[in-house]
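S.K.: Quick one, fold the following:
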Amino acid sequence: MRRIILILTTIIVILLIILLNFKNIQKLIYRQDYSEYVEKYAKEYNIDPLLIYAIIKAESNFNNDAVSSKGAAGLMQLMDETAEEVATNVSIEYVSNDSLHDPETNIRIGVKYFADLIAIFQNEAISLAAYNAGMGTVQGWIDDGIIEADGSDIENIPYNETNMYVRKILKDYDIYRNLYN
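M.R.: Okay, the predicted model is just below:
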């Protein structure tokens, strides 16, 4: 009987420790790595840095060496062509796809690209869909009436991967706001 009481007491103590430190445990999962670059470029391009952290978490989980099966690279998982185009438009030095593994270069180009999408679509959820599926694809969905330009019906995004991507980032963005605001 004593053994059962000891085990139950231990479990209760462990649960209390976890409960009391839940926010700190969440902060280990919802990190703010590379904050010097995220904060700098989010401010420069007028994007909430917490949204950028949510994008980076979803795209690479803060692994600057990440490369997708489609060739997207770095923290914000940028395609070479997209990165080169964005870099050229704003005079960012961009040498090759290898540059995308440099955290500052990747974050600078990624945040600028996302800011451009926000300027075009005027909606975070729709801009996230475009970040994942491409501008032309998302504009086609809007033009065809599949989704609304105001992002009110993101559940209608026809690509399952993009649908889940947008939902994940918006959920993570809420968590970041609850943890760090």
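S.K.: can you pull the contacts of the residue nearest to Ala72 when sequence neighbours are not counted?
M.R.: The shortest distance from Ala72 to any non-neighbouring residue, by CB to CB, 6 or more residues apart in numbering, is to Met79 (5.2 Å). Where C-beta positions appear, they are placed from N, C-alpha and C, glycine not excepted. For Met79, the contacting residues are Lys70, Gly71, Ala72, by CB atoms under 8 Å, 6 or more residues apart in numbering.
S.K.: Quick one: residues in contact with stretch 160-176.
M.R.: Counting by CB under 8 Å, 6+ apart, 26, 30, 48, 50-51, 53-55, 57-58, 124-125, 128-129, 132-133, 154-155, 157 sit against stretch 160-176.
S.K.: filter those residues to the buried ones?
M.R.: The neighbour count (16 or more other CB atoms under 10 Å) marks 30, 50-51, 53-55, 57-58, 124-125, 128-129, 132-133, 154, 157 as buried among those.
S.K.: So which of those residues are in helices?
M.R.: Using DSSP state H, the subset of the buried ones among the contacts of stretch 160-176 located in helices is 50-51, 53-55, 57-58, 124-125, 128-129, 132-133.
S.K.: sorry, back to before: closest to Leu179 among the buried ones among the contacts of stretch 160-176?
M.R.: Tyr30 (5.8 Å; CB to CB).
S.K.: if I read this right, the closest one contacts Leu50, doesn't it?
M.R.: No: when contacts are counted by CB atoms under 8 Å, Tyr30 is not listed as touching Leu50 (9.3 Å).
S.K.: picking that back up, only the buried members of the contacts of Met79: can you turn that into a PyMOL selection?
M.R.: A single PyMOL command selects the buried members of the contacts of Met79 (16+ other CB under 10 Å):
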select buried, resi 72
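S.K.: May I ask which of the buried ones among the contacts of stretch 160-176 comes out lowest in pLDDT?
M.R.: On pLDDT alone, Ile154 ranks lowest of those, at 92.
S.K.: Let me know whether that one touches Ile147 as I believe.
M.R.: Yes: if you go by CB under 8 Å, Ile154 and Ile147 touch, sitting 7.0 Å apart.
S.K.: what sits in contact with each of these two?
M.R.: Common neighbours of Ile154 and Ile147 (CB under 8 Å, 6+ apart) are Ile126, Ala129.
S.K.: Using JSON lines, lay out the contacts of Met79 together with pLDDT, distance to Trp141 and secondary structure.
M.R.: Shown next, in JSON lines, are the contacts of Met79 (pLDDT from 0 to 100; distance: CB to CB, whole Å; DSSP: H, G, I helix; E, B strand; the rest coil):
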{"residue": "Lys70", "pLDDT": "91", "distance to Trp141": "20", "secondary structure": "coil"}
{"residue": "Gly71", "pLDDT": "91", "distance to Trp141": "24", "secondary structure": "coil"}
{"residue": "Ala72", "pLDDT": "93", "distance to Trp141": "21", "secondary structure": "coil"}
